[in-house]
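In: A structural model of the following input is requested.
(chains A and B)
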Amino acid sequence: MQTCVNVVETMVPCLVQGGVDPGLAQFISILLGVVLVSAFPLVLVILLIWVERKIAARVQDRIGPNRVGPWGILQNVADAVKLIIKEDITPAGADRLVYNAAPIIAMLSVILIWAVVPFSPVHIGVDLDIGVLYFTAVSSIGTLAIMMAGWSSNNKYALLGAFRVVAQLLSYEVPFVLTLLVPVMLAGSMSTQDIVWGQVGMWYIVVAPISALIFYIANLGETGRAPFDLIEAESELVAGYNIEYSGMKFGLFMANEFMHAFTANLLFAVVFLGGWWGPGATEIPFLGFLYLMIKTTIVYIPSLILRATIPRLRVDQMISFNWKVLVPISILNVVVMALLIKIVQVAGIAPAPGETDFLAHLPMTVVLLLGNVGIGAGVVTVLRNAGRRDRMEAQDLVLEPNDEKSLSVTVAH
Amino acid sequence: MSIVNQWAFIGVFIAVAWMLPVLPLVISWVFRPRRANAIKMQTYECGMETVGDTWVQFKVQYYIYGIIFLVFDVEIIFLFPWALAYNQLDFFAFFAGLLFIFLLTDALIYAWKKNALEWA
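Out: Residues are numbered from 1 along each chain as shown, chains lettered A, B, ... in the order given. This is a model prediction of the structure:
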């Protein structure tokens, strides 16, 4: 009877003791975990949309939803009910199978990411040894879903939105994956749980701030949020890929967008902010979950404020920002970090694996941080010069017409 | 957990997770009105009647981005094992990785010089 003290953590031996077949017991325990992990983001998203609307409202000097329930917190429940009883319209000439499958696949891709998110030292859906690769792969299925939605709608705006997906989401996946190499190098593992354990002494955002910054920006691009929300640019594409969707299918796309934004920040917290790690987290697992959520909120709220304040980029600007700025920096970042990590190892000042003491991590952190400052300074210098050159060229273009006024301005320069 | 169990979890996860988005769709299917007519089902195009075919030839630029992405993504997959084992390798591993990343950068510079990155 000893094993039956805690039902959640020792469920399998508990059931076997009760006379259940071990294989079945294993299956029941897996099933319970799956239902818990996959239902959680769906419950969370109702709250997230409320938070987002409240913050956007504050930025725009409004109050936001405030009628349904206390502080309008039940507004999204009301919205969900409204979406459910709306008529569903499939436009004429749409590819029905693809059209109907797209919102389901979009939602699925985000829910699947949660399988490898470590909530606490003991609570994780499944600690895959290729967790990082898994969530990268699964989240790019979302791109496919948006492509499917845009293509199958038989609408020109939706199709344009889908084309932009190829240009944007695919492009931003390159720096996203490139920067993930650095935490993998530091942790020596691709399991999300091991990456959190690797940060027990020092968070990776301190060791590799440039990687963290690129990851954050690429995350914004990946989730299609402002200033990178070109796939659903209201002013040019009306609504983008989901233009023909109505009722609950539209609701799924909307919920998917909010969930993806939160999940992306959750991954940021796991990979760079130490995940569940905090004082007392190893003893009380619930505390770890709380720490993770607090850290995620700390990076999630600025992304909401960014969304509400920053104007949208143009397509060409956004693409060249990715390929000409983010990708070169992330390649340089990987090379410099690899070199410094090896130097630190050869010099023998690297902390032993599993070292939890803050001081043991200090020498390596200082070296890597200096390297990051170097990269940052170099990049800022190059960008500043390039920006100055661009401005000069733009000025020349304006002054090209051969009238006297512009000539005198040129002379004055 | 053994490796089979790990992927069994993912298998069960996929089997359960797709039901979660389907559930609201089913509820909606029960409650929603069905008053379709031909005009309502027309494709939206800013109030105009739609002109021509939607599924037309698209700009080759999108295809080029797709190709560049493919080159990078495949090469990055090869870099992950290198990064994973990096701590156990000697100094030569850095130069081996450098050579590989150089080839990657080479592709980027080539695409850049060929103006494949310009939105024309």
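In: can you tell me the closest non-neighbouring residue to the residue of chain B positioned farthest from its centre?
Out: Within chain B, residue B:35 marks the point farthest from the mean C-alpha position, 36.6 Å out by Cα atoms, centre = their mean. Leaving aside its sequence neighbours, residue B:35 sits nearest to residue A:87 (Cβ to Cβ, 6 or more residues apart in numbering or on different chains; 6.6 Å). Yep, even glycine has a C-beta here, placed from its N, CA and C like the rest.
In: wasn't the residue farthest from the centre of chain B part of a helix?
Out: No - read with DSSP: H, G, I helix; E, B strand; the rest coil, residue B:35 is coil and lies in no helix.
In: that one contacts residue A:88, doesn't it?
Out: No - shown here, residue B:35 and residue A:88 do not form a contact pair, counting by Cβ atoms under 8 Å, at 11.0 Å.
In: what about the strands in the stretch 201-350 of chain A?
Out: Under the criterion DSSP state E, counting those that start in this stretch, the stretch 201-350 of chain A contains no strands.
In: just the closest residue of the stretch 251-400 of chain A to chain B, please.
Out: Residue nearest to chain B within the stretch 251-400 of chain A (Cβ to the nearest Cβ): residue A:316, separated by 3.4 Å.
In: list the contacts for that residue?
Out: B:118-119 (Cβ atoms under 8 Å, 6 or more residues apart in numbering or on different chains).
In: could you report the pLDDT at it?
Out: The model reports residue A:316 with a pLDDT of 80.
In: and it, how close does it get to residue B:65?
Out: 12 Å (Cβ to Cβ, to the nearest Å).
In: now the closest residue to residue A:51 other than its chain neighbours: how far from residue A:238?
Out: Excluding the flanking residues, the one nearest residue A:51 by Cβ to Cβ, 6+ apart is residue A:304, at 7.4 Å. For residue A:304, the distance to residue A:238 (Cβ to Cβ) stands at 24 Å.
In: compare these two (neighbour count), which wins?
Out: Applying other Cβ atoms under 10 Å in any protein chain shown to residue A:304 and residue A:238 shows that residue A:304 carries more neighbours, namely 23 against 17.
In: just the pLDDT for the more buried one.
Out: Taking residue A:304 on its own, its pLDDT is 87.
In: assess the claim that it and residue A:56 are in contact.
Out: Yes - in this structure, residue A:304 is within contact of residue A:56 by Cβ under 8 Å, at 7.0 Å.
In: roughly how far is stretch A:158-167 from the heart of the chain?
Out: Here stretch A:158-167 is found 20 Å from its chain centre; the criterion is Cα atoms, centre = their mean, to the nearest Å.
In: and it, what's its mean pLDDT?
Out: The average pLDDT for stretch A:158-167 rounds to 80.
In: now swap in stretch A:244-257 and tell me
Out: 85.
In: what does that stretch rub up against?
Out: So stretch A:244-257 is contacted by A:42, A:45, A:49, A:79-80, A:83-84, A:86-91, A:94, A:99-100, A:103-104, A:106-107, A:110, A:142, A:149, A:153-155, A:158, A:223-225, A:242, B:21, B:24-25, B:27-28, B:32, B:43-44 (Cβ under 8 Å, 6+ apart).
In: again, only using 6 Å
Out: Applying Cβ atoms under 6 Å, 6 or more residues apart in numbering or on different chains, the contact partners of stretch A:244-257 are A:45, A:83-84, A:86, A:88-89, A:91, A:103, A:106-107, A:110, A:153, A:155, A:158, A:242, B:21, B:24-25, B:28.
In: residues of the stretch 301-413 of chain A that sit close to chain B?
Out: Residues of the stretch 301-413 of chain A lying close to chain B by Cβ under 6 Å from any Cβ of the partner chain are A:315-316, A:319, A:323, A:331, A:335, A:338, A:342.
In: now distance to residue A:196 too, for those residues, in TSV please.
Out: Below are those laid out as TSV (distance: Cβ to Cβ, whole Å):
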residue	distance to residue A:196
A:315	37
A:316	39
A:319	34
A:323	32
A:331	26
A:335	26
A:338	22
A:342	24
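In: and those, which are buried?
Out: In those, burial by neighbour count holds for A:315, A:319, A:323, A:331, A:335, A:338, A:342, counting by 16 or more other Cβ atoms under 10 Å in any protein chain shown.
In: other SSEs contacting the longest helix along chain B?
Out: Once chain B is assigned using DSSP state H, the helix that runs over the most residues is helix B:60-84. Using 3 or more Cβ pairs under 6 Å, 6 or more residues apart in numbering or on different chains; DSSP states H and E, the elements in contact with helix B:60-84 are helix A:156-187, helix B:92-113.
In: what does chain B put close to chain A?
Out: B:6, B:9, B:12-13, B:16-18, B:20-21, B:24-25, B:27-28, B:31-33, B:41, B:43, B:54, B:58, B:62, B:65-66, B:69, B:72, B:76, B:79, B:83-84, B:86-87, B:91, B:94, B:97, B:101, B:105, B:117, B:119.
In: of these, grab the buried ones for PyMOL.
Out: In PyMOL syntax, the buried subset of those is picked out as below (16+ other Cβ under 10 Å):
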select buried, chain B and resi 6+9+12+13+16+17+18+20+21+24+25+28+32+43+54+62+65+69+72+76+79+83+84+86+87+94+97+101+117
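In: picking that back up, check the helices and strands packed on helix B:60-84 for me and report the most buried one.
Out: helix A:156-187 (a mean of 25; mean count of other Cβ atoms under 10 Å in any protein chain shown).
In: low-confidence stretches in the stretch 251-400 of chain A?
Out: Along the stretch 251-400 of chain A, segments meeting pLDDT under 70 span A:353-356, A:397-400.
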